[in-house]
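Colleague: Any chance you can model this:
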Amino acid sequence: MNKQPMTLRATTLIAALLGGLIAVPAMAQAPAAPAPLQAQPAKKSAAATLAPIQGAAYAGKRLVTVGDYGTILLSDDEGKTFRQAASVPVSSTLTAVHFADDKNGWAVGQWGAIIHTADGGENWSIQRLETQEDRPLFSVHFTNAREGLAVGLWSLVLRTQDGGKSWTPIDLPAPPDGGKADRNLFRIFASAKGELFVAAERGMVLRSADHGQSWQYLNTGYKGSLWTGVALKDGTLLVGGLRGTIYRSQDDGRSWQPVVSGSKSSVTDLVEGGGHVFGTSLDGVLLDSTDGGASFTWKQRDDRLSLTAALWAGNGLVRFSRHGVIADGQGL
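Modeller: Numbers count the residues shown, from 1 in each chain. Below is the predicted model of the structure:
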């Protein structure tokens, strides 16, 4: 099967994912069938807040982050301090997290892992792990505590209607420009109307109006990869990706307009809060919009530390990076 060339984000994620974080049992010298891979739990570390963070979400008022080495961090003071989760059953990279309520949450990542918490992120259990094929999941979204979707490499879409006890693959239609449905799906997000959107490769956004059962392709006019997206409170859709690219729609994705971000730094996350829309980017660039994403200003950290995610907490923006949580006083 011909696979799409890896984008920078896919390459970055997969390079992290292939870090050998699932242990292989020792093999006897005599020829034998390969032993199955065994998941190893994440280790506790005093330096956990410095681990690369890939995604963040709210569990009620609690902030929860996920990242490399199975690191999951929790904050109950609006991001001022973080502590490590009590137990995480995998030490492989986790790429995204989403909560349906203040207790039930799901994280996804390497080896197609899906893990679940029922206590706000303190303790997690494995719901899915495909050790025969490392086809990572990049994003997850739950409408409620029973209905959810996870998306990932080569058009992988998984759907659950029982809180993750079982996951059913969803076949996507062929792209409008031909070929197989094998594009990387990077970020799934929902509008206030309940419609689902996925930011993907080749400038495509996928849309579902039936809770993920069927999908259609929306062409933004861009030809590169889109890594992230957000639906604003007023219904505006924003997607962002390679080289500072941002596109905006005010008609549920039927048409898209390019937005000048002013930066060539690839956009990793978009978040609304405090009357602003913020974008985190590689090379330490933070984007800021005060007009609903119609235009942006930007500033860059002196150390150019790559920003990976953000959450609006209280009266400020909590930022995350390849070196963990960015504390107040560390620039930007």
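
Colleague: From what I see, residue 200 and residue 188 are in contact.
Modeller: No: using CB atoms under 8 Å, residue 200 is not in contact with residue 188, being 9.8 Å away. Yep, even glycine has a C-beta here, placed from its N, CA and C like the rest.

Colleague: where's residue 127 relative to residue 325, distance?
Modeller: Distance, residue 127 to residue 325, using CB to CB, to the nearest Å: 27 Å.

Colleague: more neighbours, those two?
Modeller: residue 325 (23 against 18; other CB atoms under 10 Å).

Colleague: That one and residue 192, how far apart?
Modeller: Residue 325 is 29 Å from residue 192, where distance means CB to CB.

Colleague: check which helix or strand covers the residue lying closest to residue 153 once chain neighbours are set aside.
Modeller: Of all residues not flanking residue 153 in the chain, residue 135 sits nearest, at 4.9 Å (CB to CB, 6 or more residues apart in numbering). For residue 135, there is no host helix or strand (DSSP states H and E).

Colleague: Tell me the secondary structure of residue 107, please.
Modeller: strand (DSSP: H, G, I helix; E, B strand; the rest coil).

Colleague: quick one: contacts for the residue lying closest to it once chain neighbours are set aside?
Modeller: Once flanking residues are discounted, residue 107 sits nearest to residue 97: 4.3 Å by CB to CB, 6+ apart. Residue 97 makes contacts with 55, 56, 57, 64, 65, 66, 72, 105, 106, 107, 108, 140, as judged by CB atoms under 8 Å, 6 or more residues apart in numbering.

Colleague: ok, so of the residues you listed, who is nearest residue 44?
Modeller: Distances from residue 44 to the contacts of residue 97, taken as CB to CB, are shortest for residue 72 (11.2 Å).

Colleague: what's the neighbour count on the closest residue to the closest one other than its chain neighbours?
Modeller: Nearest non-adjacent residue to residue 72, counting by CB to CB, 6+ apart: residue 85, 4.0 Å away. Per other CB under 10 Å, the neighbour tally for residue 85 reads 24.

Colleague: The one 10 residues further on now?
Modeller: By the measure other CB under 10 Å, the count of residues near residue 95 is 26.

Colleague: heads up, I number from 239, so please use that
Modeller: Sure, I'll start numbering at 239, so the last one becomes residue 333.

Colleague: quick one: it and residue 276, what's the gap?
Modeller: 21 Å.

Colleague: what does residue 547 give?
Modeller: On the measure of CB to CB, residue 547 and residue 276 end up 29 Å apart.

Colleague: do the same with residue 545
Modeller: 34 Å.

Colleague: Compare those two (neighbour count), which wins?
Modeller: residue 545 (28 against 11).

Colleague: which residues does that one contact?
Modeller: Residues near residue 545 by CB under 8 Å, 6+ apart: 506-507, 518-520, 522-524, 539, 557-559, 564.

Colleague: so which of the residues you listed comes closest to residue 451?
Modeller: Looking across the contacts of residue 545 and measuring by CB to CB, the closest to residue 451 is residue 507, at 27.5 Å.
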